[in-house]
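**Student:** Have a look; sequence and predicted model below, questions after that.
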Amino acid sequence: MNAPLSDLPGFMLIIGVSLLLALGACGYGDSKPVATANSPDNLAKASPPKRVREPAVAGLFYPADAKRLSATLDRLLTGAEAQPLGKLRALVCPHAGYEYSGPTAAFGYKQLAGRDVRTILLMAPSHYALFDGVSVLDADAYKTPLGLVPVSPKSAELANVKPFRLEPRGGVRRPPWSGQSPKKPGPREEDTPETWEHSGEVQVPFLQKTLTNFSLVSLVFGQVEPKAVAEGLANHLDEQTVLIASSDLSHYHPYDQAKALDTGCVKAVCDLDLARLKNAEACGIGPIQTLVHLAKMKGWQTKLLDYRNSGDTAGDKSGVVGYAAIAFFEPNGGAQGEAMATGVSPPQAAFNDAERKQLLALARRALEASVKTGKLPEPDIRNFPPSFVLPRGSFVTLTKHGQLRGCIGNITPRLPLYQAIMENARAAALNDYRFEPVKPAELGELEIEVSVLTEPKPLSFNSPDDLLAKLRPNVDGVILKLGFQSATFLPQVWEKIPDKVAFLDQLALKAGASRGAWREAGTKVEVYQVEAFEEAKAH
């Protein structure tokens, strides 16, 4: 549930707005409104958009003059640093006035520069509207002083998926600063969650500065379960889509107390710990929780890019507001990820301890039932986390007194994860051609290891030596494709074959080719990462 609406009854969320404005948390940086400049039109002039989302907080949260805004963004982005990330999938960025949170937001948007991003899914919390679900902007373009951004066709697609809905009318309490806004208000009953919302709007100029040729999906969160939002978004994320979760952190605590609260919140986000996030203080907790759900589904990693608060940027430390920029990324995505890959540590855990034990228990039940009866049990999936019901590649490995007793899996996602693990547990026990089927008397002697795979990605290389340079021992599983022949080794195999040449030679032999066949023209390689956990370490 969206924090501002759940923490405060009804429309009491806007009480104390003068304090908000003064601190720049959900307020603005300029003390006086600045007249809106004429906006350059970045869309095709031959077919101007008919419906435009006009800026509501230009001159309040950020400069209204295009030249001044551009210079402000240039200054902020120059002060930020690009980080060695893989394929960027999402960002958490703050939404206060630029003089307060702009330096931190710039660290997030610096990571977008130079990337091929065509769609931005912007997730913003509602500060002024009370409604159910997620509001989807119903417009053709989104306007700031820097010009127009086209609204993505994905907006119409999402509007037909629960819990999303086209902008609901009514239920909006206009903010006290609406009279200073450059937007010309219409009838109050026509206001929507988008009309006055600043938390999404302040992100758009940063996007215009760091990206070219992109379109926008603007989402405003009402009262909604983040898990349901993540499930609705999961099938609408392609390789050129990035999500932005707009959120500030703790509000109006003394400096040291705020830092302690914010540190706990940031750590929970970076650990993908939904349980700890329930008690975190962040006005955009709904969008943040949605990202964490998606990260657990997709196997994304996280990295804190910058943290500071309004005491650091504005000086008054008596009651501050916290800001963080956090990146979510695939550990080895595309050419940029490969160039930065050397020395990258294994992927961050996508499953917490309780979820690991639950998956191992599923594998154990499937193992014992299939060996004793030949049939798989029927699990109760009603309380499974969303990561269990999405298709994922997986392997189940059985060992007996430290020796391999069976290993079967699937690289390509075909079945929901829980079902794939159960099927692979049965197959490892009964259908691994290298071993006799497991007997009931052996069940107490077997240990189970579950490996969950990220989706394989092609690894580009221009020579055998380049291939060797880009392989990451103990991080990447490798799929070697030699014409019609192919084979894979899990990352765990690096422990037994740490030499890269020997590793590829053995993989070529496994594929039915000769040693060194991987050096020949036409060789293709895909890599993936694995989160592996075993019974012996799960208790």
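**Tutor:** That came through fine. Everything numeric here is computed off the predicted structure, so don't read it as measured data. Residues are numbered from 1 along each chain as shown.

**Student:** low pLDDT regions in the stretch 1-150 of the chain?
**Tutor:** Segments of the stretch 1-150 of the chain classed as low confidence (criterion: pLDDT under 70) are 1-47.

**Student:** repeat for the chain
**Tutor:** Low-confidence segments of the chain, defined by pLDDT under 70: 1-47, 332-349, 537-539.

**Student:** Now for it: which helix has the highest residue count?
**Tutor:** helix 353-373 (DSSP state H).

**Student:** Which is the succeeding secondary structure element to that helix?
**Tutor:** Downstream of helix 353-373, the first helix or strand assigned by DSSP states H and E is helix 386-389.

**Student:** who's in contact with the longest helix of the chain?
**Tutor:** By Cβ atoms under 8 Å, 6 or more residues apart in numbering, the surrounding residues in contact with helix 353-373 are 351, 375-377, 379, 385, 387-388, 396, 398, 417-418, 421-426, 428-430, 437-440, 443, 446, 448, 450, 452, 533-535, 538-539. Using the backbone N, CA and C atoms, a C-beta is placed for each residue, glycine as well.

**Student:** now the end-to-end length of stretch 238-248.
**Tutor:** One end of stretch 238-248 sits 27 Å from the other (Cα to Cα, to the nearest Å).

**Student:** go on, stretch 501-519?
**Tutor:** Start and end residues of stretch 501-519 are separated by 10 Å (Cα to Cα).

**Student:** about what we covered before: mind listing what's buried in the longest helix of the chain?
**Tutor:** Buried residues in helix 353-373, counted by 16 or more other Cβ atoms under 10 Å: 355-356, 358-360, 362-364, 366-371.

**Student:** Am I right that Ala139 is in contact with Arg53?
**Tutor:** Yes: the pair Ala139 / Arg53 is scored as a contact, 4.6 Å apart, by Cβ atoms under 8 Å.

**Student:** still on that earlier bit, just the buried ones from the contacts of helix 353-373, in ChimeraX syntax?
**Tutor:** In ChimeraX syntax, the buried subset of these is picked out as below (16+ other Cβ under 10 Å):
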select :351,376,379,385,387,388,396,398,417,418,421,422,423,424,425,426,428,429,430,438,446,448,450,452,533,535,538
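
**Student:** Convert the longest helix of the chain to PDB, retaining C-alpha atoms only.
**Tutor:** Taking C-alpha atoms only, helix 353-373 is exported to PDB below (Å, rounded to 0.1, in the frame of the first residue of the first chain):
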ATOM      1  CA  ASP A 353      16.600 -17.800   3.700                       C
ATOM      2  CA  ALA A 354      12.900 -18.600   4.200                       C
ATOM      3  CA  GLU A 355      12.300 -18.800   0.400                       C
ATOM      4  CA  ARG A 356      15.300 -21.000  -0.100                       C
ATOM      5  CA  LYS A 357      14.100 -23.400   2.600                       C
ATOM      6  CA  GLN A 358      10.700 -23.400   0.900                       C
ATOM      7  CA  LEU A 359      12.100 -24.400  -2.500                       C
ATOM      8  CA  LEU A 360      14.300 -27.000  -1.000                       C
ATOM      9  CA  ALA A 361      11.300 -28.500   0.900                       C
ATOM     10  CA  LEU A 362       9.400 -28.600  -2.500                       C
ATOM     11  CA  ALA A 363      12.300 -30.500  -4.000                       C
ATOM     12  CA  ARG A 364      12.500 -32.900  -1.100                       C
ATOM     13  CA  ARG A 365       8.800 -33.600  -1.200                       C
ATOM     14  CA  ALA A 366       9.000 -34.200  -5.000                       C
ATOM     15  CA  LEU A 367      12.000 -36.500  -4.500                       C
ATOM     16  CA  GLU A 368      10.400 -38.600  -1.800                       C
ATOM     17  CA  ALA A 369       7.000 -38.800  -3.500                       C
ATOM     18  CA  SER A 370       8.300 -39.700  -6.900                       C
ATOM     19  CA  VAL A 371      10.700 -42.400  -5.500                       C
ATOM     20  CA  LYS A 372       8.000 -44.000  -3.300                       C
ATOM     21  CA  THR A 373       4.900 -43.600  -5.600                       C
END
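
**Student:** Kindly tell me how buried Asn279 is, as a neighbour count.
**Tutor:** Using other Cβ atoms under 10 Å, Asn279 has 10 other residues around it.

**Student:** Would you quantify the distance from it to Leu261?
**Tutor:** 10 Å (Cβ to Cβ, to the nearest Å).

**Student:** Go through the contacts of helix 353-373 and flag which are in strands.
**Tutor:** Those of those mapping onto strands are 396, 398, 446, 448, 450, 452, 533-534, per DSSP state E.

**Student:** can you give me the helices in the stretch 51-200 of the chain?
**Tutor:** For the stretch 51-200 of the chain, the helices defined by DSSP state H, counting those that start in this stretch occupy 66-78, 98-110, 154-158, 198-201.

**Student:** what helices or strands is the second one leaning on?
**Tutor:** If I follow you right, that is helix 98-110. On a contact count with 3 or more Cβ pairs under 8 Å, 6 or more residues apart in numbering; DSSP states H and E, helix 98-110 meets helix 66-78, strand 87-93, helix 204-210, strand 301-309, helix 310-313, strand 320-330.

**Student:** Reformat these as JSON lines; add mean neighbour count.
**Tutor:** Shown next, in JSON lines, are the helices and strands packed on helix 98-110 (neighbours: other Cβ atoms under 10 Å):
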{"stretch": "helix 66-78", "mean neighbour count": "16"}
{"stretch": "strand 87-93", "mean neighbour count": "25"}
{"stretch": "helix 204-210", "mean neighbour count": "23"}
{"stretch": "strand 301-309", "mean neighbour count": "21"}
{"stretch": "helix 310-313", "mean neighbour count": "22"}
{"stretch": "strand 320-330", "mean neighbour count": "27"}
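
**Student:** right, so of these, which gets closest to Phe131?
**Tutor:** When the helices and strands packed on helix 98-110 are compared by Cβ to Cβ, helix 204-210 sits nearest Phe131, at 21.9 Å.

**Student:** buried set for the next helix or strand after the closest one?
**Tutor:** Next helix or strand after helix 204-210 toward the C-terminus (DSSP H and E): strand 215-221. In terms of neighbour count (16+ other Cβ under 10 Å), strand 215-221 has its buried residues at 215-221.

**Student:** thinking again about what came up before, which of the helices of the stretch 51-200 of the chain sits closest to Ser178?
**Tutor:** Nearest of the helices of the stretch 51-200 of the chain (Cβ to Cβ): helix 198-201, 11.0 Å.

**Student:** rewinding a little: in JSON lines: the buried residues of helix 353-373, plus distance to Asp271.
**Tutor:** Conversion of those to JSON lines gives the following (distance: Cβ to Cβ, whole Å):
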{"residue": "Glu355", "distance to Asp271": "13"}
{"residue": "Arg356", "distance to Asp271": "14"}
{"residue": "Gln358", "distance to Asp271": "18"}
{"residue": "Leu359", "distance to Asp271": "18"}
{"residue": "Leu360", "distance to Asp271": "20"}
{"residue": "Leu362", "distance to Asp271": "23"}
{"residue": "Ala363", "distance to Asp271": "24"}
{"residue": "Arg364", "distance to Asp271": "26"}
{"residue": "Ala366", "distance to Asp271": "29"}
{"residue": "Leu367", "distance to Asp271": "30"}
{"residue": "Glu368", "distance to Asp271": "32"}
{"residue": "Ala369", "distance to Asp271": "34"}
{"residue": "Ser370", "distance to Asp271": "35"}
{"residue": "Val371", "distance to Asp271": "36"}
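
**Student:** Tell me which of Ala139 and Arg53 has more neighbours.
**Tutor:** Arg53 (28 against 20).
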